[in-house]
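have a look at this prediction, sequence included:
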2 protein chains.
Amino acid sequence: MSKQSVRIAIDCMGGDIGLAVTIPAAIQFASQYDDVYCLLVGDGARIAEALASHGSISRDWYQIVHASEIVTMDDAVEVALRRKKDSSMRVAAQLVKDGQADACISAGNTGAWMAISRYVLKTLDGISRPAIATSIPNQKGGATLMLDLGANVDCTAEHLLQFAMMGSALASIVDKHPSPSIGLLNIGEEVIKGNEVVKQASELLRHSGLNFYGNVEGDDICKGTVDVIVCDGFVGNVVLKSLEGLAKMVASMLREEFTRNSLSMAAGLVAKPVLNRLGDRVDNRRYNGAALLGLRGIVIKSHGSADAYAFGYALQRARDASKHGLLAGINEAIQNLRLRLEAQNDETVAVDPHPESAL
Amino acid sequence: MSKQSVRIAIDCMGGDIGLAVTIPAAIQFASQYDDVYCLLVGDGARIAEALASHGSISRDWYQIVHASEIVTMDDAVEVALRRKKDSSMRVAAQLVKDGQADACISAGNTGAWMAISRYVLKTLDGISRPAIATSIPNQKGGATLMLDLGANVDCTAEHLLQFAMMGSALASIVDKHPSPSIGLLNIGEEVIKGNEVVKQASELLRHSGLNFYGNVEGDDICKGTVDVIVCDGFVGNVVLKSLEGLAKMVASMLREEFTRNSLSMAAGLVAKPVLNRLGDRVDNRRYNGAALLGLRGIVIKSHGSADAYAFGYALQRARDASKHGLLAGINEAIQNLRLRLEAQNDETVAVDPHPESAL
């Protein structure tokens, strides 16, 4: 293992499929990037077996780290956290905590992965709540980063500000935007424009030093109006799943229409290359890999139903975040905000017409 | 005008386009249904001119009701409500209030239309907040009725229960479901399942006598898991606009891919009938016409950018709601719930082991 390696702890047992996805994805990933080193966490014997059945690559690219338990998709968070102390999830997070890995990834139960990684790694100074961020393909050919997607149901304006800072850091480092634009998800022309929390968050964002675009609406997600969209976890989760539902409906209707009769099938054959190109453009497997932001370590969540192709993209996210210093970026953003707030307070003091009142 | 006519007051000036949409739509509508009578509200001279330029139909199907002012798409709610007392919106709502029309419809500014119709018509007994409901096409070939879509940003559990009652009445009467299933929009497997308001609403719905399915997630909208989905207006508005945004993106990508080069264009020609069929299935113009529920009158809101085809569907919604007794249906649902609650209270008293403690 070279010194510059990015070491990624992979929960090999997580997700709807487990080893049959995680192992081939890891092999492919390690053959694609020679700077990665994988810590394959889970049932040691079964991992070795899976590795043997998939062939291997020449260089020294992995180490098996045995973990005796598996968090299932149905496990309650409490069970995962308190009773399965040797789960592959827990061990993967612990490897990051102990400095043996630079990032960790799981395709398992989201709630359990959030709870375990938060418990093991703790939150960064200045961050009260971690958030889940993911990229959604947009009309501009890029992707809109959106957070929170379900870690926090009830949020204060300060939480939304913190999400914006973390999202800005992720977008600037991983997606290479020098100063990403931030939008606050709100409602438009209707009777009452936004709730109190969103109004307050808008004020905070305006004075945050971030590149705050202002309020955006639901259709701005796919329009790609801004680089980062901030919302509470309830709204974010519902929106993400609604979009997934519509995408599935359109895909299934396309299939239905092109197989309705022999004429449609012929048309489908002719149109296939075009439809495939469209499919590639909206293929959300390329955007797999949500980041659990705000923790003292890089934590990635793959979609539970990801195939090896999609899991590979999530592994790339882990590598990118690590190579480009995501944690340092978030820390810097928090530090900048703190200095800015202190400067604002100093100014307020400087113009105080009754300085003695401070006594 | 025959006695069984459905009399619809149409704000002819509202929407992005106004007369060029509303007048041809009204003519087409009246020629399609011989039981409708239209009260064409707005600038009398311009309405007469528009009617003349579009030809007419043989029977006595309309009356022009002059209104001297127009609420613009940019007017603040306050301006629309307090300063434009002779607006076409206001006059249309007043016609319902005065018993001269059975329903009213506008494609204008949503916030103003909600405020004006609420001010003129007032809410039904037992309903504290009106809500906006619309149908979203689903994978089952039908549509999912969703509310609220932006009238109420901060909702209590009781508000969500009232939305469910009104949505159930609308779905059972207009969409002909005898006992529509109701889903409460929530988030799934993530860390914390739903916020407090949603948890309480779930309890209330379980004992409401409605056909309550339970919690649903974002992807259930397009799956068509339930007939009616209830949520607060912030979430509903964001979700609706997010879905519109994705639908537009997919449509524009399809166009782009099928016009990329001569080969794609040839494929597009072959695939055109199939793509048109798909387009028809997801054409949201057929679902135009949101209902403003909870008022003492039938109030329909058309999409501001609706064309005459889409506006015609909104007119049909107004006719359906009126013919099938939407208001009576909502009143009955409220009454049933009241009786049920009283019966529950009586039962509680009957089994009170310490009746004297009530003193």
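Arrived safely, thanks for sending. Residues are numbered from 1 along each chain as shown, chains lettered A, B, ... in the order given.

for residue A:341, give me the pLDDT.
We note a pLDDT of 76 for residue A:341 in this prediction.

find the helix or strand that residue A:279 is a member of.
Element membership for residue A:279 (DSSP states H and E) is helix A:262-282.

helix or strand right after that helix?
The helix or strand immediately downstream of helix A:262-282 is strand A:290-293, counting by DSSP H and E.

near chain B, anything from the helix holding residue A:279?
Yes. With C-beta under 8 Å from any C-beta of the partner chain as the criterion, chain B is reached by helix A:262-282 at A:263-264, A:266-268, A:270-271, A:273-275, A:277-278, A:281-282. C-beta here means a position set from N, CA and C on the backbone, and glycine is covered the same way.

from the residues you listed, keep the buried residues only.
By neighbour count, with 16 or more other C-beta atoms under 10 Å in any protein chain shown, those hold A:264, A:267, A:268, A:270, A:271, A:274, A:275, A:278, A:281, A:282 as buried.

all helices for the stretch 1-150 of chain A, in order.
Taking DSSP state H, counting those that start in this stretch as the criterion, the stretch 1-150 of chain A contains helices spanning A:19-32, A:44-53, A:77-78, A:88-97, A:110-121.

got the buried residues for the second one?
Right, helix A:44-53. So, applying 16+ other C-beta under 10 Å, buried residues of helix A:44-53: A:47, A:50, A:51.

measure residue A:172 to residue B:258 for me?
Note on residue A:172: its distance to residue B:258, by C-beta to C-beta, to the nearest Å, is 36 Å.

ugh, wrong one, residue A:220
To residue B:258, residue A:220 is 26 Å away according to C-beta to C-beta.

contacting residues around the least confident helix or strand in chain A by mean pLDDT?
Sorting the helices and strands of chain A by mean pLDDT, DSSP states H and E puts helix A:262-282 at the bottom, at a mean of 75. The contact list for helix A:262-282, computed with C-beta atoms under 8 Å, 6 or more residues apart in numbering or on different chains, reads A:137, A:141, A:247, A:251, A:254, A:257-259, B:249-250, B:253-254, B:257-258, B:260, B:263-264, B:266-268, B:270-271, B:273-274.

ok, now stretch A:307-323?
Under the contact criterion C-beta under 8 Å, 6+ apart, stretch A:307-323 has outside partners A:6, A:8, A:10, A:15, A:17, A:21-22, A:24-26, A:28-29, A:32-33, A:35-36, A:102-105, A:107, A:170, A:173-174, A:285-289, A:291, A:298, A:300-303, A:306.

pLDDT averaged over that stretch - what is it?
95.

so for it, what gets flagged as buried?
Within stretch A:307-323, the residues scored as buried using 16+ other C-beta under 10 Å are A:307-308, A:310-323.

list the ones among those residues that fall in helices.
Among the buried residues of stretch A:307-323, the ones falling in helices (DSSP state H) are A:308, A:310-323.

still on that earlier bit, and the furthest pair within the buried ones among the residues of helix A:262-282 next to chain B?
Between any two of those, the greatest separation by C-beta to C-beta is 22.7 Å, found for A:264 and A:281.

now the residue in the stretch 251-359 of chain A that chain B sits nearest to: how far from residue A:246?
Nearest to chain B in the stretch 251-359 of chain A, going by C-beta to the nearest C-beta, is residue A:271, at a distance of 4.0 Å. Noted for residue A:271: a distance of 21 Å to residue A:246, by C-beta to C-beta.

same question, residue A:218
To residue A:246, residue A:218 is 12 Å away according to C-beta to C-beta.

need the overlap of contacts for the two.
Both residue A:218 and residue A:246 are contacted by residue B:243, under the criterion C-beta under 8 Å, 6+ apart.
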